[in-house]
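1. predicted model, plus sequence, below.
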Amino acid sequence: MIQSSSTISLSSLNGNHGWVIQKFGGTSVGKFPEKIVDDVVSLYNSSNKIAVVCSARSSNTKSEGTTSRLILSADRALEGGNYKEIIDLVKEDHVNNATLRIKDPEIKAQLIKETLEICDQTATLLHAATVVEEISYKTLDTIISAGERLSCLFVAALMNDRGIPAKFIDLSFIIAPVKASAMDAASGSSAKASLDQEFYDSLAGSLAEAVNKEIPEDSNVVPVLTGYFGVVPGGLLNNIGRGYTDLCAALVAVGLDADELQIWKEVDGIFTADPRKVTNARLLPTVTPDEAAELTYYGSEVIHPFTMEQVIRAKIPIIIKNVENPLGKGTIIYPDNIGRKGEATPPHPPLASALLSASMLNKKKAPTAVTVKHDIVVINVHSNKKTLSHGFLAKIFAILDKYRLVVDLISTSEVHVSMALYNCEDGFHPDLRRAMKELSSMGTVDLVKNFAIVSLVGKEMRHLIGIAGAMFECLAKEKINIEMISQGANEINISCVVNESDSLKALQAIHRDLLDEVEVHSRVAQLKLEN
Ligand SMILES: Nc1ncnc2c1ncn2[C@@H]1O[C@H](COP(=O)(O)OP(=O)(O)O)[C@@H](O)[C@H]1O
Ligand SMILES: N[C@@H](CC(=O)OP(=O)(O)O)C(=O)O
């Protein structure tokens, strides 16, 4: 295979031939597994040692994928419903996939046998849950682990089938179980659970050990690691959430002291806006970890936010690339003020900017991207106290905390609080209803749905006076009503809540006025003249 310089990993360009970690999402495994093997893994494994980390298979969208099905099966088991039909769907999907895609009869038979075993073990676990009428976070995590085990068994089999020697490595048991005390068990919590840096460092070490044990140093066998990495304190789903495979890949990269972490998706990288919604959206060559985290949190699911801290601490760059376009340059996520492994720290920003031409400066001082988070509800609480009550906010947060509700945006006065929260249910999530009931003891409470959060993100926005005004002026011009406004404490995000029905118009108008290249130059020059 011919390699253009843009396709070779950054590490091999630097003359290193160390580990490169490649993470593949569930929809890529579902839709293009042959491309993963033939076009991506084979492109890199002549120049680097490759470790592959995969998520559970989704044949269409993530919400219909294996992890979502397994979570549904657990819900069904708890309600005493028919969990078996869900497991049968998972079984059928994986057996059909193996039958269709694996050519070698021996590899195929072994894969189908192991697939059936995992599905049967999961059904047994679900049956046990129906008997005890309870599913602990550990049980739920073990149920969802089936997704990554099934998917990685398949990917390893496909690689072997297509001539790339590969070995399946199950990371489900990498973490020693945290023994819950009788008191923890009674309160349903795991008080000693702590996902601190010490935990992550030791986990990264264990992940590297698992790889080194299975793959000898001079071997060309590609380890295929389950993106599920065991029962973390407090639960993987509970404490890290969906998208945990990115974090797994990051910790593998840290443990193996990799030269880079590649996150393979179905888009060319990170764009100035969702390219499906904004035709002029531009691919960004680089973004900082803070920008990537804000974009993910506010609707552009680029990378799990916990991933960045771990790899950047180890000075490992992250590259987002497209499985369908492996020759593309992708987007590099790395801070602009920290040197990469083996490199000196780059010049301090003022010195760096002094070297840039005036036109480049104009280009730099613009927002980076605009994003929309859908399925937002707004809760308004109006205190019934006639005088200032210092416990008002504390009480509200205690109630939200009790129901594990996360507030995306908040605006407050002494007696009034408006909060925007994510709610993906058709109606309202039961915990949201319960919280509303408790909040109503404090005053008048109303809950309104069908909103979206529109966020403008960019590290340069800290120094761009007038940018908030420009964003809101743009929305006013489009006659879009703004329900709430907030500027993130980190100053790289300005967000507002608008009606869901206006969200696409808002996204496109903000991109046109503040991110389209031609518009940005004149708009930013105008902001400078005004100040
Ligand atoms: N700013 C953005 N840049 C790139 N993709 C974005 C952006 N905002 C939203 N998206 C959407 O995020 C999705 C992420 O890519 P995809 O590979 O499908 O996700 P996953 O790997 O999680 O299954 C794409 O469908 C893309 O349209
Ligand atoms: N399968 C898991 C973990 C994951 O990371 O998925 P993905 O890489 O497809 O976003 C989930 O759906 O949450």
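-> Good, I have the coordinates. Ligands and ions are numbered 1, 2, ... in the order given.
2. which SS class is residue 143?
-> helix (DSSP: H, G, I helix; E, B strand; the rest coil).
3. list the contacts of it.
-> With contact taken as CB atoms under 8 Å, 6 or more residues apart in numbering, residue 143 is in contact with 70, 71, 73, 74, 122, 125, 126, 135. Just so you know, the C-beta spots here come from the backbone N, C-alpha and C atoms, and that holds for glycine as well.
4. narrow those residues to just the buried residues.
-> 70, 71, 73, 74, 122, 125, 126, 135 (16 or more other CB atoms under 10 Å).
5. give me the phi and psi angles of residue 482.
-> phi -100, psi 120 (degrees, to the nearest 10).
6. which strand residues bridge it?
-> Residue 482 has the following beta-bridge partners by DSSP bridges: residue 498.
7. ok, now how distant is it from residue 111?
-> Computed with CB to CB, to the nearest Å, the distance linking residue 482 and residue 111 is 54 Å.
8. the two: which has the busier surroundings?
-> More neighbours surround residue 111 than the other of residue 482 and residue 111, with 27 against 16 (other CB atoms under 10 Å).
9. got the residues of the stretch 151-300 of the chain near ligand 1?
-> The stretch 151-300 of the chain has residues 265, 266, 267, 270, 271, 273, 274, 275, 276, 295, 300 near ligand 1, with proximity defined as CB under 6 Å from any ligand atom.
10. can you select the buried ones from those in PyMOL?
-> Buried members of those can be picked out in PyMOL with the line below, counting by 16+ other CB under 10 Å:
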select buried, resi 265+267+270+271+273+274+275+295+300
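11. among the residues of the stretch 151-300 of the chain next to ligand 1, which are located in strands?
-> Of the positions in these, residue 265 sit in strands, assigned by DSSP state E.
12. got the residues of the stretch 151-300 of the chain next to ligand 1 as JSON lines, with distance to residue 329 and pLDDT columns?
-> Conversion of these to JSON lines gives the following (distance: CB to CB, whole Å; pLDDT from 0 to 100):
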{"residue": "265", "distance to residue 329": "14", "pLDDT": "94"}
{"residue": "266", "distance to residue 329": "16", "pLDDT": "94"}
{"residue": "267", "distance to residue 329": "13", "pLDDT": "94"}
{"residue": "270", "distance to residue 329": "12", "pLDDT": "96"}
{"residue": "271", "distance to residue 329": "13", "pLDDT": "96"}
{"residue": "273", "distance to residue 329": "19", "pLDDT": "97"}
{"residue": "274", "distance to residue 329": "19", "pLDDT": "96"}
{"residue": "275", "distance to residue 329": "15", "pLDDT": "95"}
{"residue": "276", "distance to residue 329": "20", "pLDDT": "94"}
{"residue": "295", "distance to residue 329": "19", "pLDDT": "94"}
{"residue": "300", "distance to residue 329": "19", "pLDDT": "89"}
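13. need the residues of the stretch 151-300 of the chain next to ligand 1 in JSON lines (columns: distance to residue 476).
-> Output for those, formatted as JSON lines (distance: CB to CB, whole Å):
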{"residue": "265", "distance to residue 476": "35"}
{"residue": "266", "distance to residue 476": "35"}
{"residue": "267", "distance to residue 476": "31"}
{"residue": "270", "distance to residue 476": "28"}
{"residue": "271", "distance to residue 476": "26"}
{"residue": "273", "distance to residue 476": "20"}
{"residue": "274", "distance to residue 476": "23"}
{"residue": "275", "distance to residue 476": "27"}
{"residue": "276", "distance to residue 476": "26"}
{"residue": "295", "distance to residue 476": "24"}
{"residue": "300", "distance to residue 476": "24"}
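14. residues in the stretch 301-450 of the chain within reach of ligand 1, list them.
-> 301, 369, 371.
15. wait, the first one touches residue 243, no?
-> Yes: in this structure, residue 301 sits in contact with residue 243. The criterion is CB atoms under 8 Å, and the distance is 7.2 Å.
16. so these two - more neighbours on which side?
-> residue 243 (20 against 16).
17. just give the nearest non-adjacent residue to that one, would you?
-> Take residue 243 and drop its neighbours on the chain: the residue closest to it by CB to CB, 6 or more residues apart in numbering is residue 304, 4.1 Å away.
18. same question, residue 162
-> residue 37 (5.0 Å).
19. if I look at that neighbour, how far off is residue 288?
-> For residue 37, the distance to residue 288 - CB to CB - is 33 Å.
20. just the helices in the stretch 401-531 of the chain please.
-> According to DSSP state H, counting those that start in this stretch, the stretch 401-531 of the chain carries its helices in the segments 430-439, 467-477, 503-510, 517-530.
21. the first one - contacts with which helices or strands?
-> Meaning helix 430-439. Helix 430-439 sits against strand 369-383, helix 392-402, strand 443-457, with contacts defined as 3 or more CB pairs under 8 Å, 6 or more residues apart in numbering; DSSP states H and E.
22. how about 7 Å then?
-> In terms of contacts (3 or more CB pairs under 7 Å, 6 or more residues apart in numbering; DSSP states H and E), helix 430-439 is packed against helix 392-402, strand 443-457.
23. doesn't residue 239 make contact with residue 194?
-> No: contact between residue 194 and residue 239 fails when scored by CB atoms under 7 Å: they sit 9.7 Å apart.
24. and these two? Which one has more around it.
-> residue 239 (16 against 12).
25. on that earlier part again, contacting ligand 2 as well, which ones from the residues of the stretch 301-450 of the chain next to ligand 1?
-> Okay, of these, nothing touches ligand 2 (CB under 6 Å from any ligand atom).
26. for those, which one is nearest ligand 2?
-> residue 301 (7.3 Å; CB to the nearest ligand atom).
27. about what we covered before: show me which pair in the buried ones among the contacts of residue 143 is furthest apart.
-> Spanning the widest gap among the buried ones among the contacts of residue 143 are 71 and 125, at 13.4 Å by CB to CB.
28. quick check: closest non-adjacent residue to the residue in the stretch 351-500 of the chain positioned nearest to ligand 2.
-> Across the stretch 351-500 of the chain, the shortest distance to ligand 2 (CB to the nearest ligand atom) belongs to residue 424, at 13.6 Å. What sits nearest to residue 424 in space, not counting adjacent residues and going by CB to CB, 6+ apart, is residue 375, at 4.8 Å.
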